[in-house]
Each structure stands twice: as structure tokens, then as C-alpha cells.
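Visitor: The sequence and its predicted three-dimensional model are supplied below.
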Amino acid sequence: MKDVFIAAKDLTYVYRRSNTGGYKALSGINLTVKTGEFLAIIGSNGSGKSTLARHFNGLLKPSSGSVTVAGMDTASVENTWEIRRLVGMVFQNPDNQIVSSLVEEDAAFGAENLGLPPEEVKKRVAETLRLVGLTPYAGHAPHLLSGGQKQKLAIAGVLAMCPTCLVLDEPTSMLDPAGRMELMETLIHLNRDMLVTVVLVTHFMEEAVLADRVVVLSDGEIALSGPPVEIFTEVELLEELGLQLPTALKIAHGLRQRGFSLPLDILTINDLLAYCKNVLVG
């Protein structure tokens, strides 16, 4: 059984505003993330997704309640360094995380700040660039990379610090479909083959269906939580929350309404094509 790596208990967060007194972005959140899990967090704009993600490595501290990472309370200043070593954050705009003039130097930045020996940094950078497929670009200037490659570089820089968990806040929102697909393939590889815990905040439902578990936020509270196959059968509720079904699920749902008997585990276009092919061949 997997251990609990991140735990939020009765988490409430209020953004303080001098003229209005404050805005409650999260209210009574109870959530655990297990070691090795791939968790997707979805919700409409203003639902609290990014605010929740920023609590997972101590960028934000709870107004009330608690968040622990590997048993360490994020509210305790003495835990901050270790928590941020264990939990790496990747944001939606990779340009904001690029700090060097060469790809390999940028990937080394975080590891160097840990005070590691140069040989160890060099070894980690070579390995992480290989993992994200950027080895051929090690000597290139980051601004010459595509959007998807820049986001991979941001991930490489975090991975070089050897975190246990990656928290990504809408990392594909600025990418084209090809870039999104490349990045998702990288995240799945890191999670399933390298056993990195992944928390993905996204507004693309096609990405959420690839996770082990999906959490749906609404007005700062958890509206739904469970495997994708369960979450995306709640069609009416998702629509009420301002969310759309992924394309494959929308097609499958429409066919069921017209009397076709399709299995509920059709989550992706590939699933749908495989089912149709099987029916036609059968």
C-alpha cells in the first residue's frame, strides 16, 4: 500500500485584502496524495486549483487547517527548505523559470543551489536532459526552444534536484496540441517508469483522464474525487460546474443516449477507436 506523501486537513486559505477584509479561496479541504500517484486537479476559473497547488510546497501557508509533506508541516519555517527539495513546482509560463543562457546551465541551476559537487550536478543534468529528451539541445540557447521544449527544460531543472514529487500548475496552457502531447508523455514516463509523484493542475480534460485520480474543485471546495472513469460519468454535475467532457467521452455519452451500449472505461480517442475497431472486426 502506498504511503501518504501530501496531506491537507481542513485546509482554508484567505487572500487578505485591505479594503474588503479578504477572499476565501479554499474552504475545509481534506485531501491526500500518495507516493507514486498521478493526481489531476480540475475546476473552472477561480475554483482554487492554483491556490491549492501552491500549498503543496509551502509557497502558501494555510490560514487555518494544515498541510504536511512527508510528515512535515508546511507552516513551520524550519521545514521549508526540505519540503521544497522534495516537491518541485513547475508553472504555466516556462519563460519565467529560465535563468541561464544555455540549456545545460539552466537545468543545473537548482542543483547547484543545493551546494552539490560539480561532478554530481553534471551527472544529474545529463540524466534529466536525457529523461525529458533535451540532450541534443544541451548547448543551445533556451530562447531557441519550442514552447513544449521550454516546459521540458523547466521540468529538467526541477528533476535535477531529485524531488519526490512534481506539482505542475497548468503547464500546457501555453502550448499547442503537439506540445501538450509531448509534455504529457514525459509526465507519464516520469510517473510510471521513474516513480515520481505527479500533481497536475489542468483545464484540459483530455489530460485529466490520463491520471490515476481526479479531484474536481468548485468555489474552493472538493466537489468530486475519484478515478477518471468515475468522475467523467458525472456528466450533468460536471456541466453544472462549468466543465466539459473530453472529446472521446462526449462522443461516447452521445452514442449511449442514442441507444448504443458502450463500456464506461472509454476515456480517450484511442480507447474509442479501439472499441469501434473491435466492434467492426467482431
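Guide: That came through, no problem. Keep in mind the model is a prediction, meaning the values are calculated, not measured. Numbers count the residues shown, from 1 in each chain.
Visitor: Can you tell me what sits against the biggest helix by length in the chain?
Guide: Secondary structure of the chain per DSSP state H: the longest helix is helix 177-192. By CB atoms under 8 Å, 6 or more residues apart in numbering, the residues outside helix 177-192 that reach it are 36, 38, 131-133, 146-148, 151-152, 155, 159, 166, 168, 171-172, 175, 196-198, 200, 204, 207, 210. Every residue, glycine included, has its C-beta placed from N, CA and C.
Visitor: List the buried residues in it.
Guide: 179-180, 182-184, 186-187, 190-191 (16 or more other CB atoms under 10 Å).
Visitor: Give the buried residues for stretch 256-273.
Guide: Buried residues in stretch 256-273, counted by 16+ other CB under 10 Å: 262, 266-268, 271-272.
Visitor: Over to stretch 10-25?
Guide: Result for stretch 10-25 [16+ other CB under 10 Å]: buried residues 11, 13-14, 25.
Visitor: same deal with stretch 76-95?
Guide: For stretch 76-95, by 16+ other CB under 10 Å, it's 79-80, 83-84, 86-94.
Visitor: one step back: what distance separates the next helix or strand after the longest helix of the chain from the centre of its chain?
Guide: Next helix or strand after helix 177-192 toward the C-terminus (DSSP states H and E): strand 197-201. Centre-to-centre, strand 197-201 and its host chain are 3 Å apart (CA atoms, centre = their mean, to the nearest Å).
Visitor: what's the answer for stretch 84-94, then?
Guide: Relative to its chain's centre, stretch 84-94 lies at 10 Å (CA atoms, centre = their mean).
Visitor: where along the stretch 1-150 of the chain do the strands fall?
Guide: For the stretch 1-150 of the chain, the strands defined by DSSP state E, counting those that start in this stretch occupy 4-15, 23-34, 38-43, 64-69, 72-73, 87-90.
Visitor: Paired strands for the fourth one, with orientation please.
Guide: Right, the one you point to is strand 64-69. The pairing partners recorded for strand 64-69 under DSSP bridges are strand 4-15 (antiparallel), strand 72-73 (antiparallel).
Visitor: Show the contacting residues for the residue most central in space within the chain.
Guide: With distances taken as CA atoms, centre = their mean, the residue of the chain nearest its centroid is Leu200 (1.4 Å). Residues in contact with Leu200 (CB under 8 Å, 6+ apart) are 38-41, 168, 171, 187, 207-208, 211.
Visitor: Could I get the phi/psi values of Val214?
Guide: With angles defined as degrees, to the nearest 10, Val214 sits at phi -120, psi 130.
Visitor: ok, it touching Ile222?
Guide: No. Using CB atoms under 8 Å, Val214 is not in contact with Ile222, being 10.8 Å away.
Visitor: returning to that earlier point: of the contacts of helix 177-192, which belong to helices?
Guide: Reading helices off the contacts of helix 177-192 with DSSP H, I get 131, 147-148, 151-152, 155, 159, 207.
Visitor: picking that back up, can you pick the most crowded of the contacts of Leu200?
Guide: Within the contacts of Leu200, Ile41 tops the neighbour count with 30 neighbours, counted by other CB atoms under 10 Å.
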